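Novice: pasting a predicted model and its sequence here:
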Amino acid sequence: MKRLLLTLLILIFTVAAAPAQTQLGLRGAGFTVGFVSPEDVDSVIGIGFFADMGTITDNIRLEPYLDFWSKSEDVIGGGEVSVRDMTLGARGKYVFTLAGSEMRPFAGAGLGLHFARAEITTPDFGFGTVSVDDSDTKLGLDFGGGVTAPFSSFELRGELWYSAVSDFSQLALRFGVMWPFGG
């Protein structure tokens, strides 16, 4: 996993050093809200935050992101099961140009670190409750696409992403807003 991350970082910095095509820098920021369907967990509402970091090449944009979802359910006999995931990652998006349209469809891929946590709380009859929890950090590979469209002073987006994570893959349909910072 360390070799994969190192290779990816070297690749990003090598491509970023290409003259005249790279225009990296904070270009905008926004948030998303949507439906997340994690493996072995009922669908849940998720939120996310992202930044537009400009272009690596003419049509490839760089977007770091932070996503979060949490799901809790009561269990028979009392108690609760909670599962949550916070993901920190980055995606490259190839933006397609449509002649005569301001809508911009995109397809992309990226890597994300998933900070997953599960907790079970059960009653300990006469003695309060007993809690057991486990957390794990896993590397995920993202694939997806969507469309963006300018609207007044901001940009609307709809996107569908699949994150392949061992034992914890998830599909997310999100809608969001981004405010450009100019440049």
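Specialist: Looks like it came in fine. Residues are numbered from 1 along each chain as shown.

Novice: can you give me the mean pLDDT across the helix or strand hosting Met178?
Specialist: According to DSSP states H and E, Met178 maps onto strand 170-180. The average pLDDT for strand 170-180 rounds to 96.

Novice: from the contact counts, what lies against that strand?
Specialist: strand 23-38, strand 44-55, strand 154-164 (3 or more C-beta pairs under 8 Å, 6 or more residues apart in numbering; DSSP states H and E). All C-beta atoms are positioned from the backbone trio N, CA, C, and that covers glycine.

Novice: partners of the second one, with directions?
Specialist: Take DSSP bridges as the rule and strand 44-55 pairs in its sheet with strand 23-38 (antiparallel), strand 60-74 (antiparallel).

Novice: repeat for the last one
Specialist: Taking DSSP bridges as the criterion, strand 154-164 pairs within the sheet with strand 129-151 (antiparallel), strand 170-180 (antiparallel).

Novice: ok, the nearest residue to Gly140 once chain neighbours are set aside - contacts?
Specialist: Distances taken as C-beta to C-beta, 6 or more residues apart in numbering place Val165 nearest to Gly140, at 3.8 Å, with adjacent residues excluded. By C-beta atoms under 8 Å, 6 or more residues apart in numbering, the residues touching Val165 are 114, 138-141.

Novice: how about CSV for these, with pLDDT and neighbour count added?
Specialist: As requested, the contacts of Val165 are arranged in CSV below (pLDDT from 0 to 100; neighbours: other C-beta atoms under 10 Å):
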residue, pLDDT, neighbour count
His114, 95, 22
Lys138, 94, 17
Leu139, 95, 15
Gly140, 95, 21
Leu141, 96, 15
